[in-house]
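[1] Coordinates for the following, if possible.
(one chain, ligands or ions: 1)
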Amino acid sequence: MSVSLLWFRQDLRLEDNSALAAALARGRPVLPVYIWSPDDDGRWARGGASRWWLHHALESLRRQLAARGLPLILRSGPAARTLLHLAREAGADVIYCNRRFEPVGRDQETLLEGRAVSSSIKVSFHHSTLLFEPETVMSQAGTPFKVFTPFYRNLQARGFPEEVKVAWPSLPPLPKVPDSEALADWKLLPAIAWDQGFYDFWHPDDPWGRLTEFGVAGMKAYSEHRDLPAEDGTSRLAPFLHFGQIGPRQIVSFARRLGAESSGAPFLRQIVWREFGAHLLFHFPHTDTEPLSEKFKNFPWKRDETLLKAWREGKTGYPIVDAGMRQLWQTGWMHNRVRMIVGSLLVKHLLQPWQAGADWFWDTLVDADLANNSLGWQWIGGCGADAAPYFRIFNPVSQGEKFDPDGSYVRRYVPELAKLPSSLIHRPWEADLFTLRQTGIVLGETYPAPIVGLTEGRDRALKAWADLKALGVD
Ligand code: FAD
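    Here you go, the predicted structure:
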């Protein structure tokens, strides 16, 4: 009897999974598989934090499948070749999968489809990672959107889709179960234990625990709390969404079920920002490394490894920036407001290319996502779609004072400043000698002096911007 091969990708869940629903509905034995293919990913092979998450997500998927009496076969190698090989070995004649919309995912699909034809194997594509497939969302002029608000309105007018129901019929058993590689052999977990803090911050096998903890109350209070990094005011669902352990349709259905679709609208709007990121990368696939705005190709960045190292290590001398960079290192995540502040200091005051920031985030975020990361960094760099103009420069001191007024966030991640009074916590260089001595701070020794003067950095950034305009490329 022919078998249905089910290829899990960024859809690691058993509910609201269109490819799974279709494979089960066919009524033949189903063989689930995950392919580890870092070579396919090339420049965007998963970073360390993302690999950590993937390990736990796969463990969890394996357990859920086992409870349904199904194995999860793990294989490594180029996806198209490895899948077709496995399909022949298992006697499968159809491969079911959900589409991925980044360039790497699309390349895999094209290759698989091309090769499958000559093997007489059918590939059945579905979609579950977004609310809408990006090619179905176009402006009235028939072009992709580059501005968020009309994109958002377009999606709202269509109505957000409900989750897809997965029915589990009783299926005939697999004629044979092919060998699986061992997850531990993929060495996704770090050899040096830098991940201790991750376990305190995350339960990567429990997306629903996180969603219900955030819940309707979190959605309703979102606007009020979302910008305060010391609070648990955002959902922290991003890694679950990236790996597809929960899908955007499920979040919409959850909000609807609990009557929070309109009161939770500001939160659901962020889910649409995620769609917007995917839409942009789909239609402008070069924007993972190049600016969407052509004029920025000539921007006079001044790459400097010493500055980059200080920024990565959270040693810039700007407390809110250092707190954010250390939160990222300790937990694999950084609050969105702080992502914007650390990014602004990097690309504006320090004149470092946004791509260098994006690379570091790629390696250290558990929610590293090519579309959202490219969108976020180009937004900060002023060179993306609907971006903050380059000349609008965040002041890390006033941002800190506004969004972390009593310094709780800084105290948590920069303990060497913890004893400073709130009036000085975001500007320790203004403390008098007595206060510094009392609080055990020696600037330049226990905590760095500012890496760049705020006025100096701002003037330099504005000059670079003016030079770019003088080139006549505005
Ligand atoms: P919530 O505030 O609870 O939002 C809910 C969900 O909406 C998020 O989980 C996410 O899927 C989506 N979302 C929220 N804000 C955005 C946004 N601005 N753009 C796109 N989607 C959004 N997000 C990633 O998922 N991966 C990244 O690699 C990533 N890199 C970023 C880099 C920079 C420089 C910036 C400024 C933002 C980046 N973001 C990225 C967007 C945003 O910071 C995170 O999605 C958010 O902080 C995740 O936390 P949360 O799940 O609590 O979000």
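
[2] What score does the residue in the chain that the ligand sits nearest to have for pLDDT?
    In the chain, the residue found nearest to the ligand is residue 376; the distance is 2.4 Å by Cβ to the nearest ligand atom. C-beta: built from backbone N, CA, C; applies to glycine. Here, the pLDDT recorded for residue 376 equals 97.

[3] State the helix or strand in which it lies.
    helix 370-381 (DSSP states H and E).

[4] residues touching the nearest residue to residue 171 once chain neighbours are set aside, list them.
    Leaving aside its sequence neighbours, residue 171 sits nearest to residue 29 (Cβ to Cβ, 6 or more residues apart in numbering; 5.8 Å). Counting by Cβ atoms under 8 Å, 6 or more residues apart in numbering, residue 29 makes contact with 1, 3-4, 171-175.

[5] For the residue of the chain closest to the ligand, which residues are in contact?
    Applying Cβ under 8 Å, 6+ apart, the residues contacting residue 376 are 277, 339-340, 343, 361.

[6] at 10 Å what do you get?
    Going by Cβ atoms under 10 Å, 6 or more residues apart in numbering, residue 376 touches 273, 277, 336, 339-340, 343, 354, 357-358, 361, 369, 384, 387.

[7] what about the closest residue to residue 316 other than its chain neighbours, how many neighbours?
    Nearest non-adjacent residue to residue 316, counting by Cβ to Cβ, 6+ apart: residue 451, 4.5 Å away. Per other Cβ atoms under 10 Å, the neighbour tally for residue 451 reads 19.

[8] Spatially, which residue comes closest to residue 21, not counting chain neighbours?
    Per Cβ to Cβ, 6+ apart, closest to residue 21 is residue 166, 4.6 Å.

[9] Name the helix or strand for residue 25, please.
    helix 18-26.

[10] now the helix or strand where residue 398 lies: mean pLDDT?
    For residue 398, the host element (DSSP H and E) is helix 396-403. Average pLDDT, helix 396-403: 98.

[11] Contacts for whichever helix or strand comes after it, please.
    Sequence order places helix 408-413 as the next helix or strand after helix 396-403, per DSSP H and E. Contact with helix 408-413 is made by 228-231, 314, 318-331, 334-335, 337-338, 400, 403-404, 417-420, 422, 425-426, 428, as judged by Cβ under 10 Å, 6+ apart.

[12] Which of those residues are buried, as a PyMOL select command?
    The buried residues among the contacts of helix 408-413 can be selected in PyMOL (16 or more other Cβ atoms under 10 Å) with this line:
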select buried, resi 228+229+230+314+318+319+320+321+322+323+324+325+326+327+328+329+330+331+334+335+337+338+400+403+404+417+418+420+425+426+428
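
[13] So which of the contacts of helix 408-413 belong to helices?
    319-331, 337-338, 400, 403 (DSSP state H).

[14] just checking: which of the residues you listed also lie near the ligand?
    Near the ligand, taking Cβ under 6 Å from any ligand atom as the test, no member of the ones in helices among the contacts of helix 408-413 is found.

[15] right, and the pair among the contacts of residue 376 with maximum separation?
    273 and 357 (18.7 Å; Cβ to Cβ).

[16] Those two: who's more crowded?
    Each of residue 273 and residue 357 has its neighbours counted (other Cβ under 10 Å); residue 357 has more, 26 against 18.

[17] for the closest residue to the more buried one other than its chain neighbours, what are its contacts?
    What sits nearest to residue 357 in space, not counting adjacent residues and going by Cβ to Cβ, 6+ apart, is residue 346, at 4.9 Å. Contact analysis of residue 346 by Cβ under 10 Å, 6+ apart lists 307-308, 311-312, 316, 321, 325, 352-354, 356-357, 360, 377, 380-381.
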